[in-house]
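[1] Sharing a sequence plus its predicted fold:
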Amino acid sequence: MNAAAHGTVVVVGTGPGLGMSIAHRFGREGRPVALVSRGADRHEGYVRSLADAGVKAEAFAADVRGDRFPAVLDEIADRLGPVEVLYYGAFGADPAGGPTPILDAGSDHVRRAMDWIYPAVDAARAVLPGMLERGAGGLLFAGGLSSVVPMPALGDMALSSAALRNYALTLHAALADRGVYAGTLTIGGLVERGDIHAMVTAAPEKYGDADGHTLDPDAIAATAWEMYTARDRAETVFNAFT
């Protein structure tokens, strides 16, 4: 990486688990951080947590599927500087509603699941020209284990996860030798401190025992930083189910 190319880290889909771990890990390398999530109710606490760690951060409320999202990416670049890293971790389903199992999933279910993938493509397309012009930067995507391991219960979400994974891997190939990195974090397990982890552990009678099936978000974020800096692989699989 070119040190002169250091810029803003954008964390799309910021939550208390992996999103904030990514923000802390990349932010402590001297990058300003832009946090993007649908609601602003937790933003003040997120920004304070980063400030306490010496990280400059601002938060922006936007639904990735809404009209405001592209404008927010422009606003981030204007306020904090050119985007060096885009991390896309927006979650593709209502955690309480759950996915539609594959035997029940029709084309309408799949289209709704895919609605979360298109913003990832649009976000990448928005920041890639600047990265390519500077010959530096990176794109990181977070997806699910169902993209590589058949998990029929995840149905429509498995298809969208596979699409996002393939997009990241294809970008990695297309960007080889152009100074810009693309990679994917394939996550199988409950990410500690995250909203889904909190929901599952609060109702073990409904979801089962989470012991042995959790992942440390700080460890995942450390791997994400390693992938971005080493650029020796396009994917890391985290599997807490084996």
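    Structure's in. What do you need? Residues are numbered from 1 along each chain as shown.
[2] For the protein, name the helix or strand with the lowest mean pLDDT.
    Sorting the helices and strands of the chain by mean pLDDT, DSSP states H and E puts helix 204-207 at the bottom, at a mean of 74.
[3] can I get the CA coordinates of that helix in PDB?
    This file holds the C-alpha atoms of helix 204-207, laid out as PDB (Å, rounded to 0.1, in the frame of the first residue of the first chain):
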ATOM      1  CA  PRO A 204     -32.300 -20.400  23.900                       C
ATOM      2  CA  GLU A 205     -35.600 -22.200  24.200                       C
ATOM      3  CA  LYS A 206     -36.400 -21.000  20.700                       C
ATOM      4  CA  TYR A 207     -33.000 -20.900  19.000                       C
END
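[4] Please identify the buried residues of it?
    Within helix 204-207, no residue is scored as buried using 16 or more other Cβ atoms under 10 Å. Just so you know, the C-beta spots here come from the backbone N, C-alpha and C atoms, and that holds for glycine as well.
[5] next one: that helix to chain centre, how far?
    27 Å (Cα atoms, centre = their mean, to the nearest Å).
[6] Quick check: next helix or strand after it?
    Note on helix 204-207: by DSSP states H and E, the next helix or strand toward the C-terminus is strand 214-215.
[7] Just the mean pLDDT for that following strand, thanks.
    Mean per-residue pLDDT for strand 214-215: 92.
[8] Just the pLDDT for residue 96.
    51.
[9] ugh, wrong one, residue 105
    On the pLDDT scale, residue 105 gets 95.
[10] ditto for residue 211
    pLDDT, read off for residue 211, is 81.
[11] Quick check: the gap between it and residue 197.
    12 Å (Cβ to Cβ, to the nearest Å).
[12] Identify the residues contacting stretch 104-124?
    Outside stretch 104-124, the residues that touch it by Cβ atoms under 8 Å, 6 or more residues apart in numbering are 12, 64-65, 69-70, 73, 86, 88, 90-93, 99-100, 139, 141, 155-157, 159-160, 163-164, 167, 171, 182.
[13] hmm, which of those are the buried ones?
    Buried residues within those, counting neighbours by 16+ other Cβ under 10 Å: 12, 64, 69-70, 73, 86, 88, 90-93, 99-100, 139, 141, 155-157, 159-160, 163-164, 167, 171, 182.
[14] returning to that earlier point: now, the contacts of stretch 104-124 that are in strands?
    12, 86, 88, 139, 141, 182 (DSSP state E).
[15] now these in a markdown table, with distance to residue 240?
    Putting those into a markdown table (distance: Cβ to Cβ, whole Å) gives the following:
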| residue | distance to residue 240 |
| --- | --- |
| 12 | 24 |
| 86 | 26 |
| 88 | 22 |
| 139 | 25 |
| 141 | 19 |
| 182 | 25 |
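[16] So which of those residues is the closest to residue 215?
    residue 141 (16.5 Å; Cβ to Cβ).
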